[in-house]
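> give me coordinates for this.
(2 chains)
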Amino acid sequence: MKNLIITALIVLIAAFQVNAQKFITKNGKISFYSDGPLEKIEAHNSQVNSALNTETGAIVFKVLMKSFIFEKALMQEHFNENYVESDKFPNATLKGNVVNSSEIDFSQNGTYGATIEGDLTIHGITKKVREEGTFTVSDDGIHGESKFFIKLADYDISIPGAVTGKIAEEIEISVDVNLAPYKKK
Amino acid sequence: MKMRYLKPHFLLSIMIAFIMSSFSSVAQDDMMDLFEDEKPSTDYTYATFKTTRISLGQSVENPANGNLIFDIQHHFGRLNEGAYEFFGLDQASLRLGLQYGITDWLSIGIGRSSFEKTYDGSVKAKIIRQSKGAVNMPVSISYFGNIGINTLKFTDTTRTNYFSSRMTFVNQLLIARKFSSAISIQLTPTFIHRNLVETIADDNDVWALGAGGRFKLSNRISLNLEYYYVLSKQTAKDFHDSFTVGFDIETGGHVFQLFFTNSRGIVEQHFIPRTTGDWLKGDIHFGFNISRAFVLKKPKEFSN
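Coordinates of the predicted model:
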């Protein structure tokens, strides 16, 4: 009986801990860069929503496509209207897990390499991805960084013949987020 | 004996472990919900039209903040002038202009038309934007105003000629709605004041109502229609309403607008109240606009 109670108590305490360690940001930065033979295309989004559960290793990103800022307004319009069709697909999302989260001590300041695996959804198409990144834990919170490539064709983003050469087939994506502990309001 | 005692706890722990793991597989969706605890946002419509003109007349769009747009506008002569005039291509009515976005909602412009050697200065302001979400607004409304100055030499130099006689003023309210990604419609109530007109019977003040639309045929090509109905009786009697059918073709940094119209004039004070062409008689001008956008002020994300 005593063992049963102790087991139940430990399990209950562990269950509460699942909810305690969440880190969040609503101003994360994601940039993408296309290095085509004729033109370089660059865009920045500073309103990325991201959350990390340090207990389970679950990590999510929600990116409003309309918040990508381009240098040329016409390019931004093309991006939204013709390429990613942001009226139909307003957000890109990543729902994943830090696969080596058990090796990372998020309570200890330091820099940790991480591998993130999950479902990346862009333009309504979901693909499994596995990418490398870095978490830097400090007194201010958790800073996450990653650079990886995606193929436009994988997400059904077609490059019309008229602008082939202006847009690369593979796009470099840079992620830079500062996550702070989540406080329930 | 120990095995039998452990079994129920073991089973209980497994059950709880399963329940907890099912929590973590929906954990990502729960985490996505963390982003919802903010006030609902407003989604503003963008790109109601591809450029600042529907074909001849103004659209609700402004040049982007910090962008300078260079316009070349060209109307050829009438198709019914026949082969000798090369179906109108031998003649030209031209306007060169610049538009600059001072802020997100305010832009200014200058230009010069060959028709009566008219200089124009203009201002365009966004008043209301179409949106859904926290604020639901069914239309976008902008104001367009310009002053035109005719710089032809006065024909009768023996009488007193006033500079103010050269001036015309256009005021328009541009009311547009983007119905879908393929269809946008605009109404343009217009008030034009001419300081000097030909005869006493002619209207100094002309009221008109414009209606225009763009219909996207593909991602880069659209069909545009524009019609200006003149309300002021004398002007409506003496002149024809301006009607234009056009195509917008868009490439990287340029928008090309090709059209057929019965109007020779390019600025509002010329094509709205002074169109003499009759579509049914073949008084049709082929014309084109080319716009090129230059970024003078980079968005702050790029100024490093």
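> next, the distance between the ends of stretch B:129-144.
Taking C-alpha to C-alpha, to the nearest Å, stretch B:129-144 runs 15 Å from one end to the other.
> is chain A contacted by it?
No - using C-beta under 8 Å from any C-beta of the partner chain, stretch B:129-144 never reaches chain A; the gap is at least 10.6 Å. Glycine gets a C-beta too; all of them are placed from N, C-alpha and C.
> mind listing what's buried in that stretch?
For stretch B:129-144, burial by neighbour count (16 or more other C-beta atoms under 10 Å in any protein chain shown) applies to B:129-131, B:137, B:139-142, B:144.
> which members of those residues are the farthest-apart pair?
Greatest spatial distance among the buried residues of stretch B:129-144 (C-beta to C-beta): B:131 and B:144, at 20.9 Å.
> now do the contacts for the residue of the stretch 1-150 of chain B found nearest chain A.
Using C-beta to the nearest C-beta, the closest approach of the stretch 1-150 of chain B to chain A is made by residue B:64 at 3.3 Å. Contacts for residue B:64 (C-beta atoms under 8 Å, 6 or more residues apart in numbering or on different chains) come out as A:73-74, B:101, B:104, B:293.
> residues in contact with the most centrally placed residue in chain B?
By C-alpha atoms, centre = their mean, the mean C-alpha position of chain B lies nearest to residue B:59, the distance being 2.4 Å. By C-beta under 8 Å, 6+ apart, the contact list for residue B:59 reads B:48-49, B:51-53, B:174, B:176, B:186, B:212.
> what about it, distance to residue B:191?
18 Å (C-beta to C-beta, to the nearest Å).
> pLDDT score for whatever residue of the stretch 101-250 of chain B ends up closest to chain A?
In the stretch 101-250 of chain B, the residue that lies nearest chain A is residue B:219 (4.4 Å; C-beta to the nearest C-beta). For residue B:219, the model assigns a pLDDT of 79.
> shouldn't it be within a strand?
No - with DSSP: H, G, I helix; E, B strand; the rest coil as the criterion, residue B:219 is coil rather than part of a strand.
> that one against residue A:79, yeah?
No - applying C-beta atoms under 8 Å as the test, residue B:219 and residue A:79 come out as separate, 11.9 Å apart.
> which of those two has more neighbours?
Neighbours of residue B:219 and residue A:79, each counted by other C-beta atoms under 10 Å in any protein chain shown, are more numerous for residue A:79; the result is 20 against 15.
> the more buried one in helix, strand or coil?
Strictly by three-state DSSP, residue A:79 counts as helix.
> from chain B, how far off is it?
Applying C-beta to the nearest C-beta, to the nearest Å, the value for residue A:79 to chain B is 11 Å.
> does that residue touch residue A:70 like I think?
Yes - with contact defined as C-beta under 8 Å, residue A:79 counts as touching residue A:70 (6.6 Å).
> shared neighbours of these two, which are they?
With C-beta under 8 Å, 6+ apart, residue A:79 and residue A:70 have common neighbours residue A:43.
> quick one on the thing from earlier: so which of the contacts of residue B:59 sit within helices?
Per DSSP state H, helices hold no members of those.
> please tabulate these in JSON lines, including the columns distance to residue A:99.
JSON lines is the format used below for the contacts of residue B:59 (distance: C-beta to C-beta, whole Å):
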{"residue": "B:48", "distance to residue A:99": "46"}
{"residue": "B:49", "distance to residue A:99": "48"}
{"residue": "B:51", "distance to residue A:99": "49"}
{"residue": "B:52", "distance to residue A:99": "51"}
{"residue": "B:53", "distance to residue A:99": "55"}
{"residue": "B:174", "distance to residue A:99": "55"}
{"residue": "B:176", "distance to residue A:99": "51"}
{"residue": "B:186", "distance to residue A:99": "54"}
{"residue": "B:212", "distance to residue A:99": "56"}
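> which of those has the most neighbours?
Busiest of those [other C-beta under 10 Å] is residue B:174, holding 28 neighbours.
> could you tell me the per-residue confidence at that residue?
At residue B:174, pLDDT is 97.
> likewise residue A:161?
64.
> now residue A:155
Per the predicted model, pLDDT is 91 at residue A:155.
> run a quick neighbour tally on it.
Around residue A:155 there are 21 residues (other C-beta under 10 Å).
> looking at it, it is touching residue A:123, isn't it?
Yes - here residue A:155 reaches residue A:123: they are 4.6 Å apart, a contact under C-beta under 8 Å.
> for chain B, give me its nearest residue in chain A.
residue A:73 (3.3 Å).
> wasn't residue B:80 part of a helix?
Yes - the assignment for residue B:80 (three-state DSSP) places it in a helix.
> for it, which non-adjacent residue is closest in space?
Nearest residue to residue B:80, sequence neighbours excluded (C-beta to C-beta, 6 or more residues apart in numbering or on different chains): residue B:282, at 3.4 Å.
> gap between the one you found and residue B:81?
9 Å.
> between the two, who's got more neighbours?
Between residue B:282 and residue B:81, counted using other C-beta under 10 Å, residue B:81 has the larger neighbour count: 17 against 14.
> so the more buried one sits against residue B:281, correct?
No - counting by C-beta under 8 Å, residue B:81 sits too far from residue B:281 to count as a contact (11.6 Å).
> which residues of chain A score low on pLDDT?
A:6-20, A:160-165, A:185 (pLDDT under 70).
> and the stretch 1-150 of chain B, by the same measure?
Checking the stretch 1-150 of chain B against pLDDT under 70 turns up B:1-26, B:37-39.
> strands along that one, start to end?
With strands called from DSSP state E, counting those that start in this stretch, the stretch 1-150 of chain B shows them at B:42-44, B:67-78, B:92-101, B:106-113, B:118-128, B:131-133, B:140-150.
> who touches the nearest residue to residue B:269 once chain neighbours are set aside in this structure?
Spatial nearest neighbour of residue B:269, excluding adjacent residues (C-beta to C-beta, 6+ apart): residue B:168 at 4.1 Å. By C-beta under 8 Å, 6+ apart, residue B:168 lies in contact with B:147-148, B:150, B:192-195, B:269.
> cool, and residue A:113?
For residue A:113, the contacting residues are A:100, A:132-134, by C-beta under 8 Å, 6+ apart.
> what about it, which helix or strand?
Assigned by DSSP states H and E, residue A:113 belongs to strand A:110-122.
> in its sheet, what does that strand sit against?
strand A:91-98 (antiparallel), strand A:125-138 (antiparallel) (DSSP bridges).
> around chain A, pick out the residues from the stretch 201-304 of chain B.
By C-beta under 8 Å from any C-beta, the residues of the stretch 201-304 of chain B that approach chain A are B:219-220, B:250-253, B:293, B:295, B:298-299, B:301-302.
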